[in-house]
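S.K.: Need a 3D model of the following:
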Amino acid sequence: MAGAPGQKKVYYVDSDNRRTNDPDQAVGGEIAEYDDHGRVLRRTRFFLDRSEIPWLPVGESAFLLWVAAALVLVWVCIGVVLSLT
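M.R.: So this is what the prediction gives:
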């Protein structure tokens with residue numbers, strides 16, 4: 001896997017472990033950085049796990065929405081308490 005001097009070479013892997021050029025379908029892959037002589041300086045591998053959190057009774061996005069709503073509610077309550085003092 002040789003690269004051009006001073007460049008990065010990136011490849012992505014989809015959920016079926018096939019190479020893809022689409023970053024939206026990527027769940028894993030590798031980023032390799034090369035020096036001026038074509039040698040690999042750094043190799044970074046990544047993997048995204050698309051599983052749900054097992055102890056959550058609702059989906060992750062619904063949970064995060066409820067957390068955001070709770071934080072806004074706390075922020076409003078603090079604002080009301082501080083405006084009354």
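S.K.: only C-alpha atoms for contact and neighbour calcs from this point on.
M.R.: OK.
S.K.: Touching the host helix or strand of A70 from outside, list them.
M.R.: In this structure, A70 sits in helix 60-84 according to DSSP states H and E. For helix 60-84, the surrounding residues in contact (CA atoms under 8 Å, 6 or more residues apart in numbering) are 52-53, 56.
S.K.: which SS class is R45?
M.R.: Classification of R45 by DSSP: H, G, I helix; E, B strand; the rest coil places it in strand.
S.K.: quick one: it and V13 touch, right?
M.R.: No: in this structure R45 lies outside contact range of V13 using CA atoms under 8 Å: 10.7 Å.
S.K.: Find residues that contact each of those two.
M.R.: With CA under 8 Å, 6+ apart as the test, R45 and V13 both reach 28-29.
S.K.: And those two? Which one has more around it.
M.R.: V13 (20 against 13; other CA atoms under 10 Å).
S.K.: Can you get me a residue count around the spatially closest residue to that one that is not a sequence neighbour?
M.R.: Leaving aside its chain neighbours, V13 sits nearest to R19 (4.5 Å; criterion: CA to CA, 6 or more residues apart in numbering). Using other CA under 10 Å, R19 has 15 other residues around it.
S.K.: I'd like the distance between R19 and R43.
M.R.: As judged by CA to CA, to the nearest Å, R19 and R43 stand 17 Å apart.
S.K.: again, but for C77
M.R.: C77 is 48 Å from R43, by CA to CA.
S.K.: ok so, going back, would a markdown table of the contacts of helix 60-84 with distance to F63 be doable?
M.R.: A markdown table is the format used below for the contacts of helix 60-84 (distance: CA to CA, whole Å):
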| residue | distance to F63 |
| --- | --- |
| E52 | 11 |
| I53 | 10 |
| L56 | 8 |
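S.K.: Show the average pLDDT along stretch 14-34.
M.R.: Averaging pLDDT along stretch 14-34 yields 72.
S.K.: my bad, stretch 38-54
M.R.: Mean predicted confidence for stretch 38-54 is 72.
S.K.: and the end-to-end length of it?
M.R.: Note: stretch 38-54 ends 45 Å apart using CA to CA.
S.K.: List the buried residues in it.
M.R.: 39-40 (16 or more other CA atoms under 10 Å).
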